[in-house]
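In: Curious how this folds, go ahead:
(2 chains)
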Amino acid sequence: MLRQIEGSKAIAETVAFCRPEVVCAYPISPQTHIIEAVGAMVKAGTLAPCEFINVESEFAAMSVAIGASATGARAYTATASQGLLFMMEAVYNAAGLGLPIVMTLANRAIGAPINIWNDHSDAMAVRDSGWIQLFAESNQEASDLHVQAFRLAEELSVPVMVCVDGFILTHAVEGVDMLDQSFVDSFLPPYEPRQMLDTNAPVSIGAMVGPEAFEEVRYLAHLRQLDALERIPAIAREFFESTGRESGGLVRPYRIDDADTVVVAMGSVLGTLKDAVDARRDLGERVGVLGVTSFRPFPSEAVRDALANARQVVVIEKAFSIGAGGVLSTDIAIAIHHEQTLLRTVVAGLGGRAITRRSLESVLVNASRDELAALTFLDLDHEAVDRERARMQATRRSGPSAENLLRDRATVAPKVSA
Amino acid sequence: MFQIRIHGRGGQGVVTAAEILSVAAFDEGRHAQAFPSFGSERTGAPVVSFCRFDDQEIRTHEPVMEPDAVIIQDVTLIHQVDLFSGLSPDGYVLINTSNSFSDLGFGDFFDHYHAERLMTCPATEIALEHLGRPLPNAALLGGFAALTGEITWDAIDKAVREHFTGPVGERNAAAAKAAFDYVASKIKEAAHASTN
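Out: Predicted structure coming up:
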């Protein structure tokens, strides 16, 4: 049923349709509304049987999820930003143990400086942990992906992280065609654990593995992710056949067939980007978009195929590797590996800076004129940076840069957007 | 696409107003989107929310940079925030104050705007009368419907009652209706004055 609903609420209700048996989470913006809504459903008895466990930290939240999953329960949690970092050790453990936990990551920047707004730094920080990472373009996809995530996780015994842009999606009220219980029950069979702590058939899970087998264990994890490259599109196709909706999958091309320049991006910026591309197309520019839905496993082959005819590839990223450059760009570069393709990285939207259609159009204009540098930062205030560099040069004790920049920016009229 | 930006302070229901407006548009069969400016919500701090609706699917997730209408829930923000940034020359302005628009000291700022689209409405007084609390958001939505005609009164009425259930819904709907009537009568007066 189509409803006008907040993203967090749509996600929470969809998670409830998946019948998680244990939910444990520690509140952190912008994840809070999701977990509050799930908690309310457990308390009201509309999500049952389900145990909602209040924990004292994110480390405990993931640890409880691991314990619950290891006993054969369907386990769910959600976090963001510093919360994800605080549970980092357990995040790796969940993947290393092959426990099919599903976690919503309400993508948010990582401090310092502390910042509650959206970017993808948190997801990037755990890209090598062994979790599958799926990025939602809209709240419709964010909701739908959770059902697919449980299915995928349990089929492969791999944890899945559904990455949803914090605030931009989690706090946006939009139309979402909600699934219902009978559909989710038919799409997502009961959890059949591959391994489980069972007093009737005792096993150890998580014993020490030395050099004699560690590499093989890791390689098996890699193979499971490669299996996911088959299963992700298959599950998305099955979902499409039942619902008529293109949610999930590996990549999503948009107007790329004759495109000279293709812009690659992940998450909620894709919608704004498609509007920008339509506007440039109306002016005769041959531009297209490639949305990457599955970041881990990285769909190298699908990316290569989609970008085969592009002369220029522009990767718009909401994160970057400080001192190196783009993160997604690196994966794209490895995937396309032909030297004649121009590859450009645009870092955008850090710490919640709004990515406007106007700025995206300026990227496309610069790209069409071959005027994009290899690495640029969208809407960066170079003068403010230069002023701080000058202050640092002028005085040894120039003070904390973050606070200096805040004071510097405060003299400019407060902006409407974050 | 019709885009609205709502300015107010934490605690005045700025985010709720955008949400209710989006539900009203949705109920009328349109695509709609509402979202806050994503600040750390603190009572009294400047807060912005956005709403857009369209007959087409809405894909964008950028903030509303060029609003067709601006609703100001707290008139004291005039000196603090760039309230009218990007406002379309054909745009609407609805300000919560018991003063008239010309008394607000905007000088010649609005000379190139349509005078009949610039409106004030004593929404806080209306809210105090109907709710007993200074929460002007529902009232301003009634005023918005009357000022712009972009959304019907019935849709606002239904969405307000859906959001605030029970007696609180009744009282908010009554406040919205009072503001709707107030703005409608001001528009009528102005039209009458200009034809004479």
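In: going forward, measure contacts between C-alpha atoms and count neighbours the same way
Out: Will do.
In: So what's the gap between stretch A:312-319 and the chain middle?
Out: Using C-alpha atoms, centre = their mean, to the nearest Å, the mean C-alpha position of stretch A:312-319 is found 15 Å from that of the whole chain.
In: residues in contact with the residue nearest the centre of chain B?
Out: Centrality entry for chain B: nearest residue to the mean C-alpha point is B:I71, 3.8 Å, by C-alpha atoms, centre = their mean. Neighbour list for B:I71: B:4-7, B:93-96, B:140, B:144 [criterion: C-alpha atoms under 8 Å, 6 or more residues apart in numbering or on different chains].
In: Output those residues in a markdown table; the columns should cover neighbour count, pLDDT and distance to A:Y26.
Out: A markdown table is the format used below for these (neighbours: other C-alpha atoms under 10 Å in any protein chain shown; pLDDT from 0 to 100; distance: C-alpha to C-alpha, whole Å):
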| residue | neighbour count | pLDDT | distance to A:Y26 |
| --- | --- | --- | --- |
| B:I4 | 26 | 98 | 35 |
| B:R5 | 30 | 97 | 33 |
| B:I6 | 28 | 97 | 32 |
| B:H7 | 29 | 96 | 31 |
| B:V93 | 27 | 97 | 42 |
| B:L94 | 24 | 98 | 41 |
| B:I95 | 26 | 98 | 40 |
| B:N96 | 25 | 98 | 39 |
| B:L140 | 33 | 98 | 37 |
| B:F144 | 32 | 98 | 40 |
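In: what about A:V313, how many neighbours?
Out: Each residue near A:V313 was counted by other C-alpha atoms under 10 Å in any protein chain shown, and the total is 26.
In: In three-state terms, label it for me.
Out: Under DSSP: H, G, I helix; E, B strand; the rest coil, the three-state class of A:V313 is strand.
In: who in the stretch 251-400 of chain A is up against chain B?
Out: Applying C-alpha under 8 Å from any C-alpha of the partner chain, one finds that the stretch 251-400 of chain A approaches chain B through A:268-269, A:271-275, A:354-357.
In: ok, then the element right after the top helix by length along chain A?
Out: The single longest helix within chain A, with elements called by DSSP state H, is helix A:214-243. Taking DSSP states H and E as the definition, the helix or strand that follows helix A:214-243 towards the C-terminus is strand A:251-254.
In: What is that following strand packed up against?
Out: When contacts are defined as 3 or more C-alpha pairs under 8 Å, 6 or more residues apart in numbering or on different chains; DSSP states H and E, strand A:251-254 sits against strand A:287-292, helix A:300-306.
In: Would you mind putting the CA coordinates of it into CSV?
Out: In CSV, the C-alpha atoms belonging to strand A:251-254 read as follows (Å, rounded to 0.1, in the frame of the first residue of the first chain):
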residue,chain,number,x,y,z
VAL,A,251,24.3,-1.5,-10.5
ARG,A,252,21.6,0.7,-12.0
PRO,A,253,22.3,2.4,-15.3
TYR,A,254,20.4,5.5,-16.3
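In: roughly how far out does it sit from the chain middle?
Out: Centroid separation between strand A:251-254 and its chain, computed with C-alpha atoms, centre = their mean, is 16 Å.
In: Name the residues that touch the helix or strand just after that strand?
Out: Sequence order places strand A:261-265 as the next helix or strand after strand A:251-254, per DSSP H and E. Contacts to strand A:261-265, defined as C-alpha under 8 Å, 6+ apart, come from residues A:256, A:286-292, A:307, A:310-317, A:367-368.
In: Derive a PyMOL selection command for the buried subset of those residues.
Out: Provided next is the PyMOL selection string for whichever of the contacts of strand A:261-265 are buried by 16 or more other C-alpha atoms under 10 Å in any protein chain shown:
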select buried, chain A and resi 256+286+287+288+289+290+291+292+307+310+312+313+314+315+316+317+367+368
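In: What parts of chain B come near chain A?
Out: B:19, B:22-23, B:26, B:31-40, B:48, B:59-63, B:65, B:81-83, B:85.
In: how about A:A153, secondary structure?
Out: Three-state secondary structure (criterion: three-state DSSP) places A:A153 in helix.
In: Same question for B:V183.
Out: In three-state terms, and counting by three-state DSSP, B:V183 is helix.
In: which stretches of the stretch 1-150 of chain A form strands?
Out: Listed in chain order, the strands of the stretch 1-150 of chain A (DSSP state E, counting those that start in this stretch) span residues A:2-6, A:22-25, A:51-54, A:75-79, A:102-107, A:132-135.
In: Please apply the same query to chain B.
Out: With DSSP state E as the criterion, chain B has strands at B:2-9, B:31-36, B:46-54, B:69-72, B:92-96, B:118-121.
In: export these to JSON lines and tack on distance to A:I114?
Out: Putting these into JSON lines (distance: least, C-alpha to C-alpha, whole Å) gives the following:
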{"stretch": "strand B:2-9", "distance to A:I114": "23"}
{"stretch": "strand B:31-36", "distance to A:I114": "20"}
{"stretch": "strand B:46-54", "distance to A:I114": "20"}
{"stretch": "strand B:69-72", "distance to A:I114": "30"}
{"stretch": "strand B:92-96", "distance to A:I114": "34"}
{"stretch": "strand B:118-121", "distance to A:I114": "39"}
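In: List the buried residues for stretch A:219-232?
Out: For stretch A:219-232, by 16+ other C-alpha under 10 Å, it's A:221, A:224-225, A:228-229, A:231-232.
In: Sorry, slip of the keys, the one I care about is stretch B:151-163.
Out: Of all the residues in stretch B:151-163, those buried under the rule 16+ other C-alpha under 10 Å are B:151-153, B:155-161, B:163.
In: And for stretch B:108-119?
Out: B:113, B:117-119.
In: mind checking which helix or strand of the chain has the lowest mean pLDDT?
Out: You didn't say which chain, so I picked chain A. Ranked by mean pLDDT, DSSP states H and E, the weakest helix or strand in chain A is helix A:401-410, scoring a mean of 91.
In: Nothing else from me, thank you.
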